[in-house]
Each structure stands twice: as structure tokens, then as C-alpha cells.
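Peer 1: Predicted structure and sequence below. I'll ask about it afterward.
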Amino acid sequence: MDEIIEKYEEKDSTVNPFLFSMRIEYIENCRVQIVESKKLATTYNREVMKSTKVYHIDKDIQNRILGLSSGAKSILMMIIFSMSKNTERVRIHKKRFLEYVKAKSPQTFYNAINELEKANVICHYKPGIYWINVQIIFSGDRIKRFPDKAIKVGENTYDV
């Protein structure tokens, strides 16, 4: 399955179109410890949405994803299972996908891709390469990867 979906990296100035409306809410946490009569504070940010790869999405997108064809769901699951850290773009191999799902018509692939684009899960970047909607699917720390999209919505301080 890893051969069908690959992380795609390229040094360019193109911006993931899904980032324009992205907002990452986080809470600043401060842990205070006393070590050898000295107070040590450790601060870290925690994203409000709790998830490792698939983020909570609104009902409209949920319904669109649940209504996807089996081909589109297969590509979506392959993207999720094969994502490496900080992936924003993936290369999707049409021939390997068709072999995997045992389909003969390339139209199966194109229909699946079109469905994922309509559901705002991916969008076209270059032939065979697609942006991933990182508001829905992401592996890594979104606060560190997209600091300009992070909005502090609270803070906690606690003693250990």
C-alpha cells in the first residue's frame, strides 16, 4: 500500500490552498516543578482538537466522506495509513491503485480522485500530485508546522 501513496516534497513557494481558512486553537500549559529548592517551569502548547492524524470535522464534510465510493474511501485510507510527519502533498499512483483494488478502468481512479476533491479532502497540485487538507488529516504537530495559523484560546498552570 505504501507504494500507491508517497509523500511528495518540492522546494517551491506554492502554498497549500487548504491553509487559507485554517485555524488551529491551542492551550498554553505551564508545569511548575520544584527541583533542589528551585522552581522550574516547563511551557508547552496543546492543540484543542485531540487527534494524532484525523481531526474532528464538521457534519457536512463527515457526510460527504461517508458517502464516498469504495474507491475514494480506499484512496483516503491509503493516504491516512501511509502519511509521514508533516506531509502536505502526496503522489498517488494510478496504475498501482488500480492493481490494488483490482479495477480495469482508469475511470475508477479518476472518479475516486474527483470525489475526494469534491469532499475537500484533497485538491490537484500537479499531475499525480495532490494537496492534502491538513485541517482534516495531518501527522505531526500542526502548531509547530503552521504557527501563523495557531490561535491561543486558553492557558493552564499547575504545580507538580
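Peer 2: Okay, I see it. Numbers count the residues shown, from 1 in each chain.
Peer 1: quick one: low-confidence parts of the chain?
Peer 2: For the chain, the stretches flagged by pLDDT under 70 are 1-13, 29, 31, 33, 35, 39, 41-57, 157-160.
Peer 1: Would you state the helices of it in chain order?
Peer 2: Secondary structure of the chain (DSSP state H): helices located at 59-66, 70-82, 94-100, 106-118, 142-145.
Peer 1: Residue 132: which of those helices is closest?
Peer 2: Across those, residue 132 has its closest neighbour in helix 70-82 (6.5 Å, C-beta to C-beta). (Glycine included, C-beta is placed from N, CA and C.)
Peer 1: What are the buried residues along the closest one?
Peer 2: Neighbour counts over helix 70-82 (16 or more other C-beta atoms under 10 Å) mark 71, 72, 73, 74, 75, 76, 78, 79, 82 as buried.
Peer 1: Dump the helices of the chain into JSON lines; add distance to residue 155 as well.
Peer 2: Shown next, in JSON lines, are these (distance: least, C-beta to C-beta, whole Å):
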{"stretch": "helix 59-66", "distance to residue 155": "30"}
{"stretch": "helix 70-82", "distance to residue 155": "32"}
{"stretch": "helix 94-100", "distance to residue 155": "45"}
{"stretch": "helix 106-118", "distance to residue 155": "37"}
{"stretch": "helix 142-145", "distance to residue 155": "14"}
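Peer 1: Out of those, flag the one nearest residue 26.
Peer 2: For the helices of the chain, the distance to residue 26 is smallest for helix 142-145, at 5.3 Å, taking C-beta to C-beta.
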